[in-house]
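Student: 3D, please:
(one chain, ligands or ions: 1)
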Amino acid sequence: MNRRQFMCTAAGAAAAGAATFARVRDALAASYDLVIRGGRVIDPSVGLDAVRDVAIAAGRIADTIDARGKIVAPGLIDIHTHAAREKEGPRICLQDGVTGWVDCGSAGADNIDQIAAVARTAPQIGRVLVNISRTGNAGEGELIDINRADVGLARGAIARHRDVVIGVKARLSVPIAGPNDLEGLRLAQEAAAPFNLPVMIHMGQSFSPLRAILPLLKRRDIVTHMYAPAPNGILDDAGRLFPDVEAARRRGVIFDLGNGGNGHLSWDVVERATKQGFWPDTLSTDWTANSRDNPGVVDFPNVMSKFIMLGMPLGQVIAGATVNAARVFPAFDDRGALNIGAPADVAIMELREGTFEFVDNYKGTRTGRQRLFPIATVFAGKRTPARA
Ligand SMILES: [Zn+2]
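Tutor: Next up, the predicted model:
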């Protein structure tokens with residue numbers, strides 16, 4: 001915590017958008033812009049899980065949100081989406097509690113300008129990973145022709161959009177890269193190196209085994225679709241986690257869920273891996289503007305709820321969608337927390353009890369007893385329009 005920010009907040013004169021935990025007294029309440037009252041505040045970044053009011057400082061109270069019976073968490077950060085593919089994408093996911101997102105590889109050097117423009121004008125923090133293939137994600141497979149992985153063009157795209165491009169993406173499955181997975185990844189690293197940016201790989205069903213791919217990843221690089229089924233997933237033929245996978249995590253490679261819609265998530269792999277203690281560092285959706293129509297995705301709170309069902313403690317589920325995600329990219333390093341002085345990005349959700357069906361990417365279903373529903377979102381101290 002920054003002491004000066006704390007002192008200012010305590011005096012009611014903090015910079016706009018700062019959040020503070022408090023049992024806000026009415027006498028003081030007039031000095032806050034927004035008070036979220038009586039919710040169960042879960043902020044894993046400071047180990048807090050308690051009923052609190054959250055006060056947002058500067059000026060006067062403009063609004064009060066009654067959060068009794070709700071969960072008040074830091075704004076959600078979804079580090080694998082395609083939110084910038086559609087102009088409407090960012091506005092839709094903001095309603096789901098997403099106050100920060102990363103569009104991962106929708107565009108390469110040839111079409112990054114448009115994606116970067118959507119990120120820049122998003123109503124929350126939008127950032128982009130440039131695809132190492134100049135075409136970006138392509139149905140025919142953007143790395144089948146390895147000449148599309150042009151390091152010079154990718155570096156140029158990063159240089160043009162340093163304000164929003166925060167890494168490089170490479171998709172390595174056979175239908176996308178053919179036998180070019182290792183070369184595609186090597187070129188992605190070459191493009192990222194002068195900017196000191198991370199690379200995110202889309203794993204699973206690759207030509208090369210994971211044990212050949214992982215050594216090409218550096219600390220803070222990200223493996224998404226971590227529970228992709230064989231061939232070349234994280235489990236051996238007997239269902240045991242490869243030691244190389246745990247070794248990669250130990251040296252700082254990040255394993256991300258990347259829920260997705262097709263071919264990336266199977267209950268069988270998730271259950272075998274989590275039974276061996278291999279949980280995601282970060283949760284993410286692989287979201288698009290059409291995800292609400294996909295029962296396997298719907299929204300970020302639904303994807304998070306899958307891990308509540310699997311037995312991950314609620315605080316860890318929220319950490320995977322907030323503070324852990326914020327730590328992956330420096331662009332989010334002051335986010336993912338509600339402590340004093342933090343930017344006031346808040347996701348208010350309801351944890352409903354009932355019978356809920358959760359779907360993997362193979363129409364496999366599991367039934368859970370709880371599901372998180374998005375209720376309201378606050379970004380930079382302002383309540384955003386609710387979901388219809
Ligand atoms: Zn994706």
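Student: what ranges do the strands span in the stretch 151-300 of the chain?
Tutor: With DSSP state E, counting those that start in this stretch applied, the stretch 151-300 of the chain shows strands at 165-171, 199-202, 222-224, 254-255, listed in chain order.
Student: And these: which comes nearest Val317?
Tutor: strand 254-255 (15.2 Å; CB to CB). Just so you know, the C-beta spots here come from the backbone N, C-alpha and C atoms, and that holds for glycine as well.
Student: So for that closest one, mean pLDDT?
Tutor: Taken as a whole, strand 254-255 has an average pLDDT of 98.
Student: Tell me which residue lies nearest the centroid of this protein.
Tutor: The centroid of the chain falls nearest to Asp78 when counting by CA atoms, centre = their mean (2.1 Å).
Student: That one sits in which helix or strand?
Tutor: Using DSSP states H and E, Asp78 sits in strand 76-81.
Student: cool, and Thr64?
Tutor: With DSSP H and E as the criterion, Thr64 is inside strand 63-66.
Student: Each with direction, which strands does that strand pair with?
Tutor: strand 32-43 (parallel) (DSSP bridges).
Student: Just the CA coordinates for the partner strand, please, in CSV.
Tutor: Provided in CSV are the C-alpha atoms of strand 32-43 (Å, rounded to 0.1, in the frame of the first residue of the first chain):
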residue,chain,number,x,y,z
TYR,A,32,-17.3,9.4,-1.4
ASP,A,33,-18.5,9.2,-5.0
LEU,A,34,-19.9,5.7,-4.7
VAL,A,35,-20.5,3.4,-1.8
ILE,A,36,-21.1,-0.3,-2.4
ARG,A,37,-22.8,-1.4,0.8
GLY,A,38,-22.8,-4.6,2.8
GLY,A,39,-21.4,-7.1,0.2
ARG,A,40,-19.1,-10.0,0.9
VAL,A,41,-15.9,-8.5,-0.2
ILE,A,42,-13.4,-11.1,-1.5
ASP,A,43,-10.0,-9.6,-2.4
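Student: Name the next helix or strand downstream of that strand, please.
Tutor: strand 48-57.
Student: what comes up buried for that following strand?
Tutor: Neighbour-count burial for strand 48-57, with 16 or more other CB atoms under 10 Å as criterion, is recorded at 48, 52-57.
Student: Stretch 337-356 now?
Tutor: In stretch 337-356, counting by 16+ other CB under 10 Å, buried: 337-351, 356.
Student: ok, residues contacting stretch 35-46?
Tutor: The contact list for stretch 35-46 (CB atoms under 8 Å, 6 or more residues apart in numbering) reads 21, 24, 29, 48-56, 61, 64-74, 314-316, 318-319, 322-323, 336-339, 346, 348, 378.
Student: Let's see that with 6 Å instead.
Tutor: The contact list for stretch 35-46 (CB atoms under 6 Å, 6 or more residues apart in numbering) reads 24, 48-49, 51-55, 64-68, 70-74, 315, 318-319, 323, 337-339.
Student: what's the answer for stretch 236-255, then?
Tutor: 211, 214, 217, 219-223, 226, 234, 272, 276, 278, 280-281, 328.
Student: what about burial for the residues you listed, which qualify?
Tutor: 214, 217, 220-223, 226, 234, 272, 278, 280-281, 328.
Student: can you tell me which of the residues you listed lies nearest to Glu183?
Tutor: Comparing the buried ones among the contacts of stretch 236-255 against Glu183 with CB to CB places Leu217 closest, at 14.9 Å.
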